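> Quick check, what structure comes out for this input:
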Amino acid sequence: MSKINVAIIGVGNCASSFVQGVHYYQEADESADIPGLMHVNLGGYHTSDINFTAAFDIDQNKVGKDLSEAIYAPPNNTYKFTEVPYMSVPVHRGMTHDGIGKYLSDVVRKAPGTTSDVAGILRETETHIVVNYLPVGSEEATRWYVEQVLQAGCAFVNCIPVFIARNEGYWRKRFEESNLPIIGDDIKSQVGATSSIAF
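The predicted structure is shown next:
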C-alpha cells in the first residue's frame, strides 16, 4: 500500500487543522525533530502518504464544496497556516442525528437533500481509514457512521469521546471479527480531542 486513503466525518476546525497539517508537512525531513508532529514517519509511512478520498458534513456552507474549500468555510475559524490545493474530494451530505448540539444550532444550517450513501462512497473511493471529527456529544451520529464504516470494511479512528473502541462487548468485537483496526474515543485523551495531528 503506497498511500493511506483517508475519509473525514465532520469537516470542522479539527478536520481543517488535520488537512492543512498533512499538506504543510508534505516534505518534512524524517530525521528532524519537527514541532507539531509526533512522527514524520510512522510504520514506514510518511505524512505525505496520507491521501484524502472522501468527506462528509451536513452544513450548507460545506456540502458540495471541495474539501480544500470546505475546511475554510464558516463557521470554521481555525487559523489558516498553509494553502491547500484543490483536491477533487467533494464534501458529501452526511447524516445528522444528534450531530448538531445546542451550541451549534444557531450557526449551522443543514444542507438540503438526502443523506449520501456513505458506505458506498467509502467503497468506491477505496478508503482505508475513516476519521471521526463530529462535534462532541454526537453519540447517535457516531454509532450510525460506525455501521457504515463496518459495512465498507474500513478502519476507524474516533477523535471524539464516544465509547466505541472501549466497548469490548459490542463495537470492538465487531471490528475484531472483521479484522479491522479501531482506535480512539478522544484520540489523545491526555490533551483532548482537539489534538488533531497525531501522525
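
> What are the buried residues along the longest helix along the chain?
Counting by DSSP state H, the longest helix found in the chain is helix 139-152. When neighbours are counted by 16 or more other C-beta atoms under 10 Å, the buried residues of helix 139-152 are found to be Glu139, Ala141, Thr142, Arg143, Trp144, Tyr145, Val146, Gln148, Val149, Leu150, Ala152. To be clear about C-beta, it is placed using only N, CA and C from the backbone, and glycine gets the same treatment.

> Likewise for stretch 40-47?
Buried residues in stretch 40-47 (16+ other C-beta under 10 Å): Val40, Tyr45, His46, Thr47.

> Same question for stretch 84-102.
Across stretch 84-102, burial judged by 16+ other C-beta under 10 Å covers 84, 87, 89-97, 99-100.

> and the lengthiest strand in the chain, what does it pack onto?
Ranked by residue count, the top strand of the chain under DSSP state E comes out as strand 50-57. Helices and strands touching strand 50-57, by 3 or more C-beta pairs under 8 Å, 6 or more residues apart in numbering; DSSP states H and E, are strand 4-9, helix 13-24, helix 67-70, strand 91-93, helix 118-124.

> ok, back up a step: among the buried residues of stretch 40-47, list the two that are farthest apart in space.
Largest separation among these by C-beta to C-beta: Val40 and Tyr45, giving 9.8 Å.

> which residues touch Leu150?
Arg174, Phe175, Ser178, Leu180 (C-beta atoms under 8 Å, 6 or more residues apart in numbering).

> Format the helices and strands packed on strand 50-57 as a markdown table; extra columns: distance to Phe52 and mean pLDDT.
Below are the helices and strands packed on strand 50-57 laid out as a markdown table (distance: least, C-beta to C-beta, whole Å; pLDDT from 0 to 100):
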| stretch | distance to Phe52 | mean pLDDT |
| --- | --- | --- |
| strand 4-9 | 6 | 98 |
| helix 13-24 | 7 | 96 |
| helix 67-70 | 6 | 98 |
| strand 91-93 | 11 | 98 |
| helix 118-124 | 13 | 98 |
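
> Tell me where the model's unsure across the protein.
Where the chain drops to pLDDT under 70, the residues are 1, 98-99, 101-103, 105, 187-199.

> rerun that using 80 as the cut-off
1, 98-108, 167-168, 186-199 (pLDDT under 80).
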